[in-house]
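> what's the 3D shape of this:
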Amino acid sequence: MAGKNKQAMKRHRQNLKRHEANQHFKSTVRSRIKKVLTAIEENDVNGAREAYKEAQSHLDKAARKKILHHRTASRKVKKLAKKINQLSASG
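Next up, the predicted model:
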């Protein structure tokens, strides 16, 4: 933790606050991805597409806010889209 410097203490408080918000956002992104994967496992194409829209939106927002690296977000979106396309092609 920061020492007795007033500025350092404030920076530490801000970092803790941001860390908590970022962790919550990451958790939400993981939940959205899991929702897509669950729908794919159940062979629910329409449900997977709806969940994919939400997941893609959250991943893009995380990349914009620099919570996730933009290439990481892009890669995850691409993988989900590929799985949904395979599901719709097979079913």
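> remind me which residues of this protein are low pLDDT?
Applying pLDDT under 70 to the chain flags residues 1-2, 91.
> Find the centremost residue of it, please.
residue 29 (2.7 Å; Cα atoms, centre = their mean).
> top helix in this protein by residue count?
Counting residues, the longest helix found in the chain (DSSP state H) is helix 6-41.
> following it, which helix or strand comes up?
Next along the chain after helix 6-41, taking DSSP states H and E as the criterion, comes helix 45-64.
> what's the next helix or strand after that next one in contact with?
The element immediately downstream of helix 45-64 (helix or strand, assigned by DSSP H and E) is helix 70-90. Helix 70-90 is contacted from outside by 33, 36-37, 40, 43, 45, 48-49, 52, 55-56, 59-60, 62-63, using Cβ atoms under 8 Å, 6 or more residues apart in numbering. Where you see a C-beta, it was placed from the backbone N, CA and C, and this is true even at glycine.
> Apply 6 Å and report the result again.
36, 40, 45, 48, 52, 56, 59, 62-63 (Cβ atoms under 6 Å, 6 or more residues apart in numbering).
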